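Visitor: Just a sequence and a predicted model for now, questions to come.
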Amino acid sequence: MRTISSPRHQTWRSLALLTVILASPGFAQTAPVATHTVALREVRLTLPAEAVLEATKQATVATQVSGRIVEVRAEAGQYVKAGQLLMRIDAREAGENVAAARAQLVQAEANFQRTQNLFKQKFVSQAALDQADAALKSARAQAGAAGAGASHATVTAPIAGIVAQRLAELGDLALPGKPLLTLFDPKGLRAVASIPQYKLKDAQRAAAARIEFPETRRWLDAARIEILPTVDAQSHTATARIYLPDNPEALKGLVPGMAARVHFVVGTAQKLTVPPVAVLRRGEISAVYVLGGAKPSLRQVRLGEAVADGEIEVLAGLAAGEQISLDPVRTGIEMKQNK
């Protein structure tokens, strides 16, 4: 009788096999484990606030004429230049209006010429000439407006940037004011945070700020801080805009809508800190491997908030001068090998 193992049993067998392979002599690491000496260091005290990235230059593109979309030349994620054609609208009605306006302009010009000749011969009054002149100016204005309306049948990019979203497809009906695309300039980004009223003074006296991206452990220094001078009457929070550096390399991989955490630097203090890579986390428990004895020991630590320099504050469990492993997973494997 053939026994079929469950997916859970297969997963445990795979994990057990991987552990045996990693612990075998052929897979033993020869390079020494990187270490870090725990020490009191001056760190920046910060006021953290959750934030969302947004583009400083963004635009919603719409049309001013009605018609079917007959051509689409832009896709989401595509980089476009200012003035580049994005869509074309079938605006035959606008074209007919242009033809009618031009015909009226020709008639108004001819009528003005006749009236002017008759005025010179004293056959018509000044009022008749003024009326013909006014009709000519009105016809010219209508022809210009009709021509401008027809030009709106071609939708172009108002700024250079990336197409964030396309809101209409080929064949859809375009209406005046209905959004068709959204664009943003990737060179200018800022983090927008809400500051509670009771923390507003601390944020206002902050001379600098750092932006943290927790998922990728990236930190960026803010180029400028701007706190709007009003407080929302319902949430009692003020809006802070923290501008990211104008550096394409630093902004790589960052797009509007991403979550971030802003740390307003409000002072300095001496604290024990450890790098995040040295910490093992298992649910609510945090631990590090302490070196220096006969063998490494796994010690539980109590951690605080991340400081503005990218490390984590140690509240309890470690003392200055102790050495910890910067590769706790490898240290744990080597301990099993040496048993």
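Guide: All right, it came through fine.

Visitor: can I assume residue 131 sits in a helix?
Guide: Yes: judged by DSSP: H, G, I helix; E, B strand; the rest coil, residue 131 forms part of a helix.

Visitor: Could you check the pLDDT of the residue nearest to it when sequence neighbours are not counted?
Guide: Spatially, and ignoring its direct neighbours in sequence, residue 131 is nearest to residue 115 (7.9 Å; C-beta to C-beta, 6 or more residues apart in numbering). Every residue, glycine included, has its C-beta placed from N, CA and C. According to the prediction, residue 115 has pLDDT 81.

Visitor: ok, which stretches of the stretch 201-339 of the chain are helices?
Guide: Per DSSP state H, counting those that start in this stretch, the stretch 201-339 of the chain carries helices over the ranges 328-337.

Visitor: Could you list the low-confidence segments of it?
Guide: Within the stretch 201-339 of the chain, the stretches with pLDDT under 70 are 308-309, 339.

Visitor: ranges for the strands of it?
Guide: Secondary structure of the stretch 201-339 of the chain, counting by DSSP state E, counting those that start in this stretch: strands at 208-213, 218-221, 224-231, 237-243, 259-274, 280-282, 285-291, 297-306, 312-316, 323-325.

Visitor: Show the end-to-end separation of stretch 302-322, please.
Guide: 16 Å (C-alpha to C-alpha, to the nearest Å).

Visitor: Buried residues in that stretch, which are they?
Guide: If you call a residue buried by 16 or more other C-beta atoms under 10 Å, then stretch 302-322 has these buried ones: 303, 306-308, 311-314, 317-318, 322.

Visitor: for stretch 83-90, same thing?
Guide: Applying 16+ other C-beta under 10 Å to stretch 83-90 flags 86-90 as buried.

Visitor: Residue 117 - that's part of a helix, no?
Guide: Yes: assessed with three-state DSSP, residue 117 lies in a helix.

Visitor: Reformat the buried residues of stretch 83-90 as a markdown table; add secondary structure and pLDDT.
Guide: Shown next, in a markdown table, are those (DSSP: H, G, I helix; E, B strand; the rest coil; pLDDT from 0 to 100):
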| residue | secondary structure | pLDDT |
| --- | --- | --- |
| 86 | strand | 89 |
| 87 | strand | 87 |
| 88 | strand | 85 |
| 89 | strand | 83 |
| 90 | strand | 80 |
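
Visitor: Need the max-distance pair from those.
Guide: Distance extremes for these: the farthest pair is 86 and 90 at 15.2 Å, using C-beta to C-beta.

Visitor: Beta-bridge partners for residue 43, please?
Guide: Taking DSSP bridges as the rule, residue 43 bridges to residue 269.

Visitor: wait, doesn't residue 75 sit right on residue 169?
Guide: No: shown here, residue 75 and residue 169 do not form a contact pair, counting by C-beta atoms under 8 Å, at 11.2 Å.

Visitor: My understanding was that the residue nearest to residue 131 contacts residue 124; is that so?
Guide: Yes: judged on C-beta under 8 Å, residue 115 makes contact with residue 124 at a distance of 6.0 Å.

Visitor: So which of the two has more stuff around it?
Guide: For residue 115 versus residue 124, neighbours defined as other C-beta atoms under 10 Å are more numerous around residue 115 (20 against 17).

Visitor: Could you check how far the more buried one is from residue 137?
Guide: 14 Å (C-beta to C-beta, to the nearest Å).

Visitor: repeat for residue 275
Guide: 75 Å.

Visitor: quick one: contacts for the spatially most central residue of the chain?
Guide: Closest to where the C-alpha atoms of the chain average out (C-alpha atoms, centre = their mean) is residue 256, at 1.7 Å. Taking C-beta atoms under 8 Å, 6 or more residues apart in numbering, we find residue 256 in contact with 53-55, 58, 164, 184, 189.

Visitor: Look up the closest residue to residue 108, ignoring the ones flanking it.
Guide: In space, residue 108 is closest to residue 139, 3.7 Å off (C-beta to C-beta, 6+ apart).

Visitor: any idea whether the one you found is helix, strand or coil?
Guide: Under three-state DSSP, residue 139 comes out as helix.

Visitor: That one contacts residue 112, correct?
Guide: No: between residue 139 and residue 112 there is no contact under C-beta under 8 Å: 9.3 Å.

Visitor: Not counting sequence-adjacent ones, nearest residue to residue 204?
Guide: Setting aside the residues directly before and after it, residue 204 is nearest to residue 227 in space (C-beta to C-beta, 6+ apart), at 5.9 Å.
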